[in-house]
Every structure is written in C-alpha cells, then in structure tokens.
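Colleague: everything below, folded, please.
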Amino acid sequence: RYHSGAPRRATKEEEDSLEEEDERRRTGIQRRPPIAAMATSLARSALLLSLVSLLVLAAEGARIRRTSRKEASVGLDVGADVGAETSLGKHHRAPAFNNGTDEGDLTFKYFEALDIYYFATAAYCTADNIDKWDSGRKAIVHPDVKDVLAYNTTVPLLWNIEHAPVLFFILYYPSNDSIVLSFQGTQGDSVGDWVDDFMYAMTKPPLEWGWPSGEEVDVDIRIEDGFTYAWNELRDVAYNQTVHMMRKYPSAKFYVTGHSLGGALASLAAADLAMNGIDIYKVIIFGTPRAGNLGWAFFYNDLLGLKNSTFRVVNERDPVPHIPFTGVTFMRGYHHVGIEVWLNGFDFVQCNNVLPFEECKFSTTCFYNEDQSCSLSQTICLTPSCIEMHVGYYETVSDDKFCVQGC
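Modeller: Coordinates of the predicted model:
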C-alpha cells in the first residue's frame, strides 16, 4: 500500500567494501566508518522535568557508577536454546508468571528476552571495543558471536547535549541462528541531562523516509525530535549493514534491541526497516520512553503489524517509560508501541488489557496500547531507588561499562 523512501542502498563498490570489511575483521585489521554530522539546530521547547529532577538523576548516575550491585558473584552460562528456560547463573531462578487481571495468551519468553538484554547492555561499550568482542561481560555471556560491526557518530546537538554520541552494532549469533541489531542507550553520566532536556516537540518523519501521510493512516505520524535526528544519522549505514548480514545468513532470525534511548531508536529502526522489506522477527526493548504520537503507535502496531512481535520490558517503577508525558493524547500526546511486559524482580506480567486504536482516536484522555493495571498504575517516581530501576534491569547493571566484568 505504501511506497517506501528506501535508505540509500549501497553501490556495488560499497557492497564489495563490506566484504573487504569482513576480511579485515578476520585478519585483525580494524577500520572505523566515517563519522557523519548533522548541521541541524534544534529548537528548544519547554523542559519536561524540573531542575530538582535533574539534580536527583545526575547524583544517582554518579552513585550508580560507584556501585557494583550484586554482580561480583554472578557466573553467566548461556545455553544454546534461547527459547527455553536457559541457565544464566544461579541468581536467575525460574520466574513466576502472574497475568493478574489481564487477558490474552502469554507470548513473552522470559529467558529469550534476558539473553537479548545482554546485547542491549553491550551497546554501551565503545565501538572499537564492541568490534573486538574479546573482553568483559559481553564476551562471557555471548562468546560465540561472529561478524561484529559497530558504527558510531555524533549529532551536533541533542536534548541540549553537544556532540551527542549515537551508536549501534550488528552481529551474527550462531547459537540462536540470529542477527542482532542493538542500539546504545543513554550514557549513565548523562541520564539527568537527557531526561531533563527532553523536548515536547514532535516532528513529521522526513519525506525521504517514505512513511505514509495522515491521509493514509487517519492520524499524522509525529516522532520526538531527538529520536528523529538520531535515527536519521544512523539510517543508511544500519540499513546497508542489515541487508549485508541477511544476505550472508539468509536463514537467520532478525532481532532489534536497545535499552533506554536505545530502545526508542530500536523501535524507529524496526519500523523503517520493515517499511523497506526487512523481515523483523522480534523487537525486545528495555526501559524505553514513548517515541511518538498516536499516529506513530498505530502505524507501528497495526499497519506494519509489529505489535505482537515487539516486547517493551518495564522494570518495576522505572520512570523513563512514562516520559515524554502523554498529556492531551490526540495528535500531540505520546504513546507506546508493542506489548508491555512488567517486571517485578524475577516475576513478570504480560500486559494485554489495552484499548484499541479506534477507541482512542478521538479521545483526549485515552492511553492507547497501555494497560492501566501494569506500570501505568504507578505514580511517576523520581527517587534514587526508582532511578536505579532504570539502570538495573534483571537486577544487573544495564550498562556493561559499570558492571564488575566491564566492557
């Protein structure tokens, strides 16, 4: 139905260059992709949270960096069957599933998501370190990956952060015959800046993306400005690397993941890649903020059909999934995509009791695609213990740099 504005496809010479890059990695020669730049000046809008919130978050970020949590005794042992109840160490007991008052089938696989989670945490390492994949927690949990390629660049100004870094990596995971595309989240020492400087402003997807207009989807698609700029910087390289990997491993399942900001970018990537003919197996994202308006969520969930293959994991009272605020939901409010999975320690609930698009289309109070008996039932909490829930999914540090095993 829709004609996609495909990312710039690699030329024959560039495809040959990708093959040469594979050979360089096999022989130990590393070459970084060129760093792009965007000369776009972002219009500042009203601050989302108060200066008090900034101070709390920044202080907690510093505290988290000094805290090793409980990982000193963690011994990770990932089995080959990701879909089964894989052993990841004695501290990962079998979870108790409690669907509460929710309706619908259980489709979330706890241990599959836990396995993918460690690819999301690895994205916090540097590009060179990820390319090597020979040290730290990532190499302990996933020692057998192949064809790793990380790409990083900067956006000149992102949520008041100058030269803000954005990064993704892609690799082949033989144990699960899968390709994993993972996006870097918010750096631990800039969480406060990032949350405090979130914009209320949303923008239409760039015309070159080829996404449908409001006339085609009933509600105009709008995405938070910063997410739009960040994905636009990564788009061409991510598309060409994904196509390259899928040609090399045609039977592989394709996962997209990320934590925090990385989860929002993962959802944009999944939508854009699906628009361009990429078969998305699953999107598993952690601590993800709302990325766009009602039109965005409807486009992602219903028109692209990605809802049932997308799991949005929320850890207890993590405040980040509740920003940007929904507010008046028609047109300007923010909405989530996918199926929420609410973690409570090692237990979880799959949140299926949500309102359909048609019931929210003209409502000013409707939370489309959010189960009000799950994380939405909690007040937004900005205490240090709640901020720690954002950086401590599965009771482990969500950033490899700050865990005991490191990068």
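Colleague: please enumerate the helices of this structure.
Modeller: 12-27, 51-65, 110-122, 127-132, 136-141, 191-196, 214-217, 225-248, 261-275, 294-298, 357-360, 384-390 (DSSP state H).
Colleague: just checking, what packs against the longest one?
Modeller: On a contact count with 3 or more C-beta pairs under 8 Å, 6 or more residues apart in numbering; DSSP states H and E, helix 225-248 meets helix 12-27, strand 146-158, strand 161-173, strand 178-183, strand 202-203, helix 261-275. Yep, even glycine has a C-beta here, placed from its N, CA and C like the rest.
Colleague: swap the cut-off to 6 Å and go again
Modeller: Other elements packing on helix 225-248 under the criterion 3 or more C-beta pairs under 6 Å, 6 or more residues apart in numbering; DSSP states H and E are strand 146-158, strand 161-173, helix 261-275.
Colleague: deepest of those, which one?
Modeller: When you average the neighbours per residue for each of the helices and strands packed on helix 225-248 (mean count of other C-beta atoms under 10 Å), helix 261-275 leads with a mean of 27.
Colleague: mind checking the end-to-end distance for stretch 378-395?
Modeller: The straight-line separation of the ends of stretch 378-395 (C-alpha to C-alpha, to the nearest Å) is 20 Å.
Colleague: what are the buried residues along it?
Modeller: For stretch 378-395, burial by neighbour count (16 or more other C-beta atoms under 10 Å) applies to 382, 386-395.
Colleague: hmm, A122 and T257 touching each other?
Modeller: No: because the distance of 9.9 Å does not satisfy C-beta atoms under 6 Å, T257 is recorded as not touching A122.
Colleague: count of residues packed around the residue lying closest to D218 once chain neighbours are set aside?
Modeller: Using C-beta to C-beta, 6 or more residues apart in numbering and skipping the chain neighbours, the partner closest in space to D218 is K361 (6.9 Å). Neighbour count of K361, defined by other C-beta atoms under 10 Å: 16.
Colleague: phi, psi for K361 please.
Modeller: For K361, the backbone dihedrals (degrees, to the nearest 10) come out as phi -60, psi -40.
Colleague: where does the stretch 101-250 of the chain dip in pLDDT?
Modeller: Applying pLDDT under 70 to the stretch 101-250 of the chain flags the ranges 101-104, 157-162, 187-200.
Colleague: which pLDDT value belongs to I380?
Modeller: Note on I380: pLDDT of 86.
Colleague: if you could redo that for P95, that was the one I meant.
Modeller: Note for P95: predicted pLDDT of 54.
Colleague: with L355 instead?
Modeller: 84.
Colleague: sorry, back to before: export the helices and strands packed on helix 225-248 to CSV and tack on distance to D131?
Modeller: Shown next, in CSV, are the helices and strands packed on helix 225-248 (distance: least, C-beta to C-beta, whole Å):
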stretch, distance to D131
strand 146-158, 5
strand 161-173, 8
helix 261-275, 18
